[in-house]
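Visitor: Okay, predicted coordinates and the sequence, questions at the end:
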Amino acid sequence: MKITFPHMGNTYIAVKAMLEDLGLEVIVPPKCSKRTLELGTKYSPESICLPLKINIGNYIESIERGADTILITGSCGPCRFGFYSVIEKEILKDLGYDIDIIVFDPPDGNYKEFINRITKAVNTNNPIKILKSFNRGRIILKEVDRLFQFSNKKRAYAVNSYEVDKIMQKFSEGVLKVKGVIETKKLIKRIFKELEKIEVDNTKRPLKVGIVGEIYTVIEPYVNLDIERKLGHMGVLVDKFLTPSRWVEHNLTLGHLGLSEERKAWKAAKPYIRTLVGGHGRETVGSAIMYAEKGYDGVIQLLPFTCMPEIVAETILKTVAKDYDIPILTLIVDELTGEAGYVTRLEAFVDLLKRRKEERKFERVLSRS
Amino acid sequence: MSCKVGIPQALLYYEYYPLWKEFFTELGAEIVLSSSTNKSILNAGVSSCVDEACLPVKVFHGHVEQLKNKVDYLFIPKFISVCKKEYLCPKLLGLPEMVKNSIDDLPTIIDVEINLIKSNSNLHKSVIEIGNYFTSNNKKIDLAFNKAINRFNEYKKLLANGVIPIEAIKVYNKYINSITTLKNSKYKILVLGHSYNLYDEFLSMKLIEKLQKDNMKVITPDTVSIDKINYYASKLPKRMFWSFGRKIVGAAFYLIEENAVDGIIYISSFGCGLDSVLIDLVYRKAKKFKVPFTLVTLDEHSGEAGVNTRLEAFVDMIIWRDSNENNISTHG
């Protein structure tokens, strides 16, 4: 069995290490590229949202490299992500691929089937072994998120921010060469050390921008045109509300105890939106408010074109921006998004934030308060 | 003094209007209905709503704009689920919030949550909550709602007998006294889509009426029996978690598999997230069973001439295909 899964930012690093530890042969889909998107767009329903199109591209490119089993997660609505597995199966069938798709849907009462799927996917029915490697995978996920967060910080403060890119490039190449959790952990540690060595200018007072929105667009750098890196080079300190490890934390562990960051976002969003609207609509509103309260200079909302929950959030963010006096930029991506226009909007937004910050500084000087 | 409750003639109006009308009237409230959709409502909606919203949601905003200064209350319930383990579209889930954050100077909005995702008994709670805007007498509310349900069931009976909601609602509003009975038509066309696209005559450009004039018998998901819908929807590899999705897919699968329609026209609005999935499911099935399928996508720039041309071509094709004994495939 040669197993593959769709890309979603850095999750591949943890999933790969975890499955390798369980003794499976893993085929990581090639990094998302123009070809991935073109393949996906060609074979997907025209008006479906972007993540599905990228998924299809990932599958085809992995199958070309010999993958015969696909591992995906699911949901039970109300966002259309819950129907991805059904459509994706049909598309691949129509393309004539003989491939097994294993879907981890929320159990919906049928735990036996859920467990069957897990044992099928990981080729073992030893629950302790599964739990152990799951836990180790979770740690990797957390470490990787920490690493990328650290690289964002470095970029904002570095004397030469492009040095960070060089080291991170080394990381993404290295990850494909190492096998299993232990080697991956070692690599992360090494990269951390290299990043630490980069010369920083601590007198810099970078702008702080929070990124909110639909999880796939926030996490997958190809889809968001590498927004973190772009902002970093503009001297902006970036923080993402949604990361893979936070998702796991909310959905599989802390969420049920009411302790996760997402729960805090729900609370913050409450005056504006009382109930779920599917996807991460409510979290988007709540996290934007949390960023405003923490004194961030601006917020950027990312969503794929026609994303239903995020459109509801977008409407409400207009009021949040007014009430909290914080600029919020909404960026919508699809297969037609052009890089030049996107960068122009980012630059204009950052310029606006800079001006606001300066104006506030001088306001105080003149009024002598 | 009776207070005025505004109900926008958009979105779920086509599903539940008869129910709410009876209920509010029983409670002594006066119903103010916005006019049928027209150009100025559309324009008002487009300019007050975010660009990315779909056409029906924009139109809904237009109806709210028309009503907001004429009423004491606006009835925009927060529909989350109307059936166990099923949801409505995320935009309906957030509709009251979208309206509140897009339109200024609104009257009080009755945005009671209706959520049957876990248990149907939640409906009672919601009904009491809505009724409490008008009276604190819970018994009176129960009585009024029971009466309303009885009338609503009569309306649904009309639908079950094959009367499409456009006509049923007309009877209901007493605009006309009798339903235009159709001549026995040879061809049956299934018109699919969300009720707010199908039955809004401005948005759909009277597509159903045009088909009927061409002597086609029009079937919509509302006229298909619920048992058939549920049975055929359950054939999907995964439970359909959208209530309207279940209705559309179930009705389509039933009529396709039973070979009971000559063609399918899907009316969708641009950017509809549910439709992007539903169309794909229905199209694949139609293709497999060689049933002609066409898609009409609406948005604020749709031109009637183009839609007419496509409709005529589709109708011609169905008649021609029937007269040709090979029943030539329309899917290439």
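Guide: Alright, I've got the coordinates.

Visitor: Residue of the stretch 151-300 of chain B closest to chain A, please.
Guide: Nearest residue of the stretch 151-300 of chain B to chain A (C-beta to the nearest C-beta) works out as residue B:241 at 3.5 Å. Where you see a C-beta, it was placed from the backbone N, CA and C, and this is true even at glycine.

Visitor: Isn't that residue up against residue B:86?
Guide: Yes. Assessed by C-beta atoms under 8 Å, residue B:241 is found in contact with residue B:86 at 5.5 Å.

Visitor: Quickly list what's touching both of the two.
Guide: Common contacts of residue B:241 and residue B:86 (C-beta atoms under 8 Å, 6 or more residues apart in numbering or on different chains): residue A:77.

Visitor: What about residue A:116, how many residues nearby?
Guide: 13 (other C-beta atoms under 10 Å in any protein chain shown).

Visitor: Tell me the spacing between it and chain B.
Guide: From residue A:116 across to chain B, the span is 16 Å (C-beta to the nearest C-beta, to the nearest Å).

Visitor: check contacts around the residue of the stretch 151-300 of chain B closest to chain A.
Guide: A:76, A:77, A:78, A:82, B:85, B:86, B:87 are the contacts of residue B:241 under C-beta under 8 Å, 6+ apart.

Visitor: Highest neighbour count among these?
Guide: Among the contacts of residue B:241, residue A:78 has the most neighbours (other C-beta under 10 Å), with 30 neighbours.

Visitor: Quick check: which element contains that residue?
Guide: Here residue A:78 is covered by no helix or strand, with elements defined by DSSP states H and E.

Visitor: Isn't it up against residue B:85?
Guide: No. Assessed by C-beta under 8 Å, residue A:78 is found out of contact with residue B:85, at 11.2 Å.

Visitor: For the chain, which helix or strand comes out least confident on mean pLDDT?
Guide: Defaulting to chain A. The weakest-scoring helix or strand in chain A, judged by mean pLDDT, DSSP states H and E, is helix A:111-122 (a mean of 75).

Visitor: hmm, I had chain B in mind actually
Guide: Min over SSEs of chain B, mean pLDDT, DSSP H and E: helix B:165-173 (a mean of 72).

Visitor: can the helix or strand just after it be found next to chain A?
Guide: Downstream of helix B:165-173, the first helix or strand assigned by DSSP H and E is strand B:187-192. No. In terms of C-beta under 8 Å from any C-beta of the partner chain, no part of strand B:187-192 sits within range of chain A; the closest distance is 15.1 Å.

Visitor: can you give me the mean pLDDT across strand B:187-192?
Guide: Strand B:187-192 shows a mean pLDDT of 95.

Visitor: residue ranges of the helices in chain B, please?
Guide: Assigned helices in chain B, in chain order: B:13-26, B:39-48, B:55-67, B:90-93, B:95-102, B:122-131, B:138-160, B:165-173, B:195-198, B:207-213, B:226-233, B:243-257, B:273-288, B:304-323 (criterion: DSSP state H).

Visitor: need the least confident one among those, by mean pLDDT.
Guide: Of all the helices of chain B, helix B:165-173 has the smallest average pLDDT, which comes to a mean of 72.

Visitor: Can you list the low-confidence ranges for the stretch 1-150 of chain A?
Guide: For the stretch 1-150 of chain A, the stretches with pLDDT under 70 are A:107-110.

Visitor: Run through the strands of it in chain order.
Guide: Secondary structure of the stretch 1-150 of chain A by DSSP state E, counting those that start in this stretch: the strands cover A:2-4, A:25-26, A:69-73, A:100-104.

Visitor: Looking at those strands, spot the one closest to chain B.
Guide: Checking these against chain B by C-beta to the nearest C-beta gives strand A:100-104 as the closest, at 8.3 Å.
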